[in-house]
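>>> Provided below for reference: sequence and predicted model.
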Amino acid sequence: MPRAITDVLWDELFGAMTCDRDRALLLCYVSSGARAGELLAIGIADVDWAGCRVYVVSKGTWLRQAIPVSPEALRYLACYLDADGLPDAGDPLWRTRRGTKRAVSYWAMRRALQRANEKLATNWTLHDLRHTAATRMANDPKLTLTDVQSILRHANIETTGRYTTVRVEDMFDRLQEHYSRSRPARIYTAGYAAEDIRAVFGV
C-alpha cells in the first residue's frame, strides 16, 4: 500500500521545517501531488499566481502541464521570494540558502527532510508526499477518481484507485477525535422537567 502521512503527523512534519522555502516546497508537494524532480525544476515563469497552479514537465511524457497548488503553498512561496529575492528569468525558483545561489537538488531537499525525520524519529520520503496528496484527493467526496487521475497524471486509473482504501491510521485518528468530543447535553421540550423525564424513562 502507498505510504501516506496522516494529518497529525503531517502537522508535526510541517512544524519541523526551518525555513519558508522548505515549507512552501512541502505544501506544493502535498497539494499538487507533483513528483520530487518535477517540482524542483520549475522557474518563476512556471508559477500561475492567479490560477493557483504551477507548470511542470511531466516525467515520461515530457509535456509541460499545469497542476494545482494550494493558496497556502503560494503564500509561503511569496514569503520565501520576498526574503530571498525574485530569480531571474530562466533561473531556478528553488535556490540554496547559503553561498552562491544554485538550484536546490533532489539530494539537498531529501537532506532537509532527513533532518526533520531525525528530529521526529520518523522516516518519511519525498515520494511519500505524493502518496499523501493522492490519498487526500482520492478520498475527497467532491473529487471523482477521474479528476484525481488527471491531477496526478496517472496513465492507468487503476493506479489512482489504490489510494481510495481506508487506512488504519486515519480511522485511529478519527476515533481519537470521536472519543475526545463531549457528549451533547440533552435538551427537553419546554414544559417537561428533567426530573420527570428521568423518573419516567430512566435517562
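That came through, no problem.

>>> from residue 110, how far out is residue 37?
11 Å (Cβ to Cβ, to the nearest Å). (Each C-beta comes from the backbone N, C-alpha and C, glycine too.)

>>> likewise residue 18?
Distance, residue 18 to residue 110, using Cβ to Cβ: 15 Å.

>>> put the alpha carbons of stretch 103-116 into PDB.
Extracted C-alpha coordinates of stretch 103-116, given in PDB (Å, rounded to 0.1, in the frame of the first residue of the first chain):
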ATOM      1  CA  ALA A 103      19.300  25.100  -7.800                       C
ATOM      2  CA  VAL A 104      18.000  23.000  -4.900                       C
ATOM      3  CA  SER A 105      18.800  19.400  -5.900                       C
ATOM      4  CA  TYR A 106      16.800  16.300  -5.100                       C
ATOM      5  CA  TRP A 107      19.500  15.300  -2.700                       C
ATOM      6  CA  ALA A 108      19.500  18.700  -0.900                       C
ATOM      7  CA  MET A 109      15.700  18.600  -0.400                       C
ATOM      8  CA  ARG A 110      16.000  14.900   0.700                       C
ATOM      9  CA  ARG A 111      18.500  16.000   3.300                       C
ATOM     10  CA  ALA A 112      16.200  18.700   4.600                       C
ATOM     11  CA  LEU A 113      13.500  16.100   5.000                       C
ATOM     12  CA  GLN A 114      16.000  13.800   6.700                       C
ATOM     13  CA  ARG A 115      16.800  16.500   9.300                       C
ATOM     14  CA  ALA A 116      13.100  16.600  10.100                       C
END
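
>>> now it: average pLDDT?
The pLDDT scores in stretch 103-116 average 96.

>>> mind listing what's buried in that stretch?
Using 16 or more other Cβ atoms under 10 Å as the test for burial, stretch 103-116 gives 104, 109, 112-113, 116.

>>> mind checking the backbone torsions on residue 54?
Backbone torsions of residue 54, given as degrees, to the nearest 10, read phi -130, psi 160.

>>> now, which of the buried residues of stretch 103-116 lie within helices?
Among those, the members falling in helices (DSSP state H) are 109, 112-113, 116.

>>> now, among the residues you listed, which is nearest to residue 4?
residue 113 (15.3 Å; Cβ to Cβ).

>>> for the residue nearest the centre of the chain, give me its contacts.
For the chain, the residue nearest the mean C-alpha position is residue 30 (2.7 Å; Cα atoms, centre = their mean). Residue 30 makes contact with 5, 10, 129, 132-133, 136 under the criterion Cβ atoms under 8 Å, 6 or more residues apart in numbering.
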